[in-house]
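Undergrad: Need coordinates for the below:
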Amino acid sequence: MWFIDAFREAPALAVFLTIGLGFLLGKLKFKGFSLGTVTSVLIVGVLVGQMDVNVGGPLKSVSFMLFLFCIGYSVGPQFFSSMKGDGLKEVLFAVVMCVMILGVSWAVAVWMGLDPGQAAGMMAGASTASPVVGAAEDTVSTLSAPAESIKGMLDAIPVCYAMTYVFGTIGAVWLIGYIGPAMMGGLDKVREATRRYENEHSSSSISADPAFFNAARPVAYRAFVADGEGMKEPRTVEEIERHYASEGRRIIVERMRGADGKAVEATGGMTVSPGATVVISGRREMLVGDNSWLGREVADVELLTFPVEDVPVTIGKHTERMLVSELVTKDYMHGVDVKGLKRDGKFIPPGKDVYVQPGDVLEIVGRKKDVGVASKHLGFADVPSLATDFVFVGLGVLIGGLLGMIAFKVGDVSVSLGTSGGALISGLVFGWLRSKRPVYGAIPKASLWVFNNLGLNMYIAVIGIASGPSFVSSFEAVGPKIFLAGMIVTVVPLFFGLIIAHKVFRFHPAIALGCCAGARKTTAGLGAIQERLGSTVPAIGYTITYAVSNTLLIIFGIVLVLLTA
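TA: Numbering: from 1, shown residues only. Here you go, the predicted model:
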């Protein structure tokens, strides 16, 4: 048929067909359940592969290494910061969970006589750890075995992954969303404990969806006619700001209408006459309520139309530890207000009694020139940008890949992280370095989303297409056995993980469930428990454990191949 000939002549088209239809299939839901993008792309790839399309070349390795580097880049800062303080318990729990997954996978593989490819594919699907597929494939390719045996093991990896992933997802949702709360005293008890936690640790978290923004803007810009109690006489801008600061009201006169009626930027020596229209900025709580001290508020759109920067700044080591209330009095902070504060990945309301210290990320707001001055004194500004630093990405993947190729002997076996494992470690380190000095290595969130999703799914698409011709025969050979093995690896570690999180580590019930979801890398499980509790508290335990397990499970996939070789 003409379209089969077209795909054979231009294999890239088959890859894009697989990705497009795979993403479409992954969006479909039946009674709240979906296969997910990765599994859907694999299934479509297997079907497309029946046309015997040759998709060889470096595309598979390039896309997977890019994906792993970006995964490491995303979680690197939190991965390393979690190695201290309260996050250490969550790190340790994630390690325990990953060790249990590896141990049960190895025991099942030995019991059922699985080869390295079958074992790795089974572990990847049962733990919904898709990156394990690529790391295992790299390691299997280095084993000392006949070429035919190596090919058979490589073909088995995606087959076993596909067979175990579905229950890996469904089983995790069932255990975390339904069995977990029952093991912790019942759903009602966990819900009540979660409500109490929310009341004690109230915070305003907004969805990461770019369509949403925080309605409670902490810094406000408003226009007033200067006819209030403190504006009865002509004063310079500097005198007005100093006068109100002495009363505990820190405001900034941003703009005003001159004598000719034109809008101008306000400077310290400008005189504000009674009845002039001015733009005042300050903390929202300062400007709401009774504004008789300022004057009558007006909606002067022209005067309020001017650019303002919102920039996160990492506090440098040269900046001494001080209260927020002390920091804002510094000369270099004139024209700038503190919008937010993040420490070790967690948001802290920037109240007057909160300290700012080196390593904190301070979000400041103001006009470009004022923000620039403050940033130079505070540390390193991470000015939002649409551009990706491809020098950073390219060299990062290269360095990681080269380091991953370094091998050492364990007995008669040559062991290495492989180029994929090296790219992951490099991403972790480069992401952490970027967080410490964010003047290079920018990868915008939108770019990360593309690299992560396209990188992984292009890799999976190539695997599916390449394994398509042998998929049916492999499925018939190992089908029921692998499905049973996957069920065991899904249920056993997660069941005991729930007990350990609750009884041994004594996490808050909602956070314990989130920790289990993160350590098992199951976003579906997190979604299920958040929906049942009606709360986002489980996400607190999800983040660190996800970052740790995302790294460990890839490495443990390599270890499992070597243990079963």
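
Undergrad: Please make it C-alpha for all contacts and neighbour counts, starting now.
TA: Fine.

Undergrad: ok, which stretches of the stretch 201-350 of the chain are strands?
TA: With DSSP state E, counting those that start in this stretch, the ranges of strands along the stretch 201-350 of the chain come out as 219-225, 235-236, 252-257, 263-265, 271-272, 277-283, 296-298, 309-315, 322-323, 336-343, 346-348.

Undergrad: and Gly103, how far is that from Thr305?
TA: 61 Å (C-alpha to C-alpha, to the nearest Å).

Undergrad: typed the wrong thing, it's Ser467
TA: Distance check for Ser467 against Thr305: by C-alpha to C-alpha, it reads 58 Å.

Undergrad: So Ser144 belongs to a strand, correct?
TA: No - with DSSP: H, G, I helix; E, B strand; the rest coil as the criterion, Ser144 is coil rather than part of a strand.

Undergrad: So what does it have for phi and psi?
TA: Taking degrees, to the nearest 10, you get phi -90, psi 90 for the backbone angles of Ser144.

Undergrad: which of Ser467 and Thr305 has more neighbours?
TA: Ser467 (25 against 9; other C-alpha atoms under 10 Å).

Undergrad: from what I can see the more buried one touches Val46, true?
TA: Yes - contact status for Ser467 versus Val46: in contact at 6.6 Å, counting by C-alpha atoms under 8 Å.

Undergrad: mind listing the helices for the stretch 51-200 of the chain?
TA: Per DSSP state H, counting those that start in this stretch, the stretch 51-200 of the chain has helices spanning 59-81, 87-112, 116-126, 131-141, 147-174, 180-183, 187-200. These are given in chain order.

Undergrad: Buried ones in the fifth one, by neighbour count?
TA: Applying a neighbour-count criterion of 16 or more other C-alpha atoms under 10 Å, one finds 150, 153-174 buried in helix 147-174.

Undergrad: quick one, helices of the stretch 451-565 of the chain?
TA: 509-519, 523-533, 538-564.

Undergrad: Let me have the ones you listed in CSV, adding distance to Gly22 as columns.
TA: What follows is these, written out as CSV (distance: least, C-alpha to C-alpha, whole Å):
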stretch, distance to Gly22
helix 509-519, 25
helix 523-533, 18
helix 538-564, 23
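
Undergrad: Show the pLDDT at Val104.
TA: The per-residue pLDDT reported for Val104 equals 95.

Undergrad: The nearest residue to it once chain neighbours are set aside: how many residues sit nearby?
TA: The shortest distance from Val104 to any non-neighbouring residue, by C-alpha to C-alpha, 6 or more residues apart in numbering, is to Val489 (6.0 Å). Val489 has 27 neighbours, counted by other C-alpha under 10 Å.

Undergrad: neighbours of the closest residue to Ile280 other than its chain neighbours, just the number please.
TA: Leaving aside its sequence neighbours, Ile280 sits nearest to Val253 (C-alpha to C-alpha, 6+ apart; 4.8 Å). For Val253, the count of nearby residues is 22 (other C-alpha under 10 Å).

Undergrad: list the contacts for Val253?
TA: Val253 makes contact with Val237, Glu241, Ala266, Val278, Val279, Ile280, Ser281 under the criterion C-alpha atoms under 8 Å, 6 or more residues apart in numbering.

Undergrad: how many neighbours does the third one have?
TA: By other C-alpha under 10 Å, 21 other residues sit near Ala266.

Undergrad: Between the contacts of Val253, identify the one with the most neighbours.
TA: For the contacts of Val253, the largest neighbour count, defined by other C-alpha under 10 Å, is 29 neighbours, found at Val278.

Undergrad: In contact with that residue, which residues?
TA: Applying C-alpha under 8 Å, 6+ apart, one finds that Val278 lies in contact with Ala223, Phe224, Val225, Ala226, Val253, Glu254, Arg255, Met256, Arg257, Leu303.

Undergrad: Grab the nearest non-local neighbour of it.
TA: Taking C-alpha to C-alpha, 6+ apart, and ignoring the residues beside it in sequence, Val278 has Met256 as its nearest neighbour in space, at 4.2 Å.

Undergrad: quick one: the one you found from Phe306, how far?
TA: With distances taken as C-alpha to C-alpha, Met256 is found 12 Å from Phe306.

Undergrad: So for the two, which sits in the more crowded spot?
TA: In this comparison of Met256 against Phe306, neighbours counted by other C-alpha under 10 Å, the higher total goes to Met256 at 27 against 11.

Undergrad: tell me the contacts of the more buried one?
TA: Contacts were defined as C-alpha under 8 Å, 6+ apart; by that measure Met256 touches Ala263, Val264, Glu265, Ala266, Ala276, Thr277, Val278, Val279, Leu303.

Undergrad: what's the closest of those residues to Gly180?
TA: Val279 (54.1 Å; C-alpha to C-alpha).

Undergrad: okay, that closest one: pLDDT?
TA: 89.

Undergrad: now swap in Val391 and tell me
TA: pLDDT for Val391: 90.

Undergrad: And for Thr271?
TA: 87.

Undergrad: Can you get me a residue count around the nearest residue to it once chain neighbours are set aside?
TA: What sits nearest to Thr271 in space, not counting adjacent residues and going by C-alpha to C-alpha, 6+ apart, is Thr236, at 4.1 Å. By other C-alpha under 10 Å, 17 other residues sit near Thr236.

Undergrad: cool, Val288 as well?
TA: Using other C-alpha under 10 Å, Val288 has 10 neighbouring residues.

Undergrad: cool, and Val504?
TA: The local packing count at Val504 equals 11, with neighbours defined by other C-alpha under 10 Å.

Undergrad: next one: stretch 96-108 to chain centre, how far?
TA: What separates the centre of stretch 96-108 from the centre of its chain is 25 Å, taken as C-alpha atoms, centre = their mean, to the nearest Å.

Undergrad: my read: Val91 touches Thr545, true?
TA: Yes - the pair Val91 / Thr545 is scored as a contact, 6.0 Å apart, by C-alpha under 8 Å.

Undergrad: So for these two, which sits in the more crowded spot?
TA: Residue environment comparison for Val91 versus Thr545 gives the larger neighbour count to Thr545, 31 against 24, counting by other C-alpha under 10 Å.

Undergrad: what's the pLDDT at Leu448?
TA: Listed pLDDT for Leu448 reads 84.

Undergrad: Report the separation between it and Leu456.
TA: For Leu448 relative to Leu456 (C-alpha to C-alpha), the value is 12 Å.

Undergrad: okay, the two: which has more neighbours?
TA: Neighbour count, other C-alpha under 10 Å: between Leu448 and Leu456, Leu456 has more, with 22 against 18.
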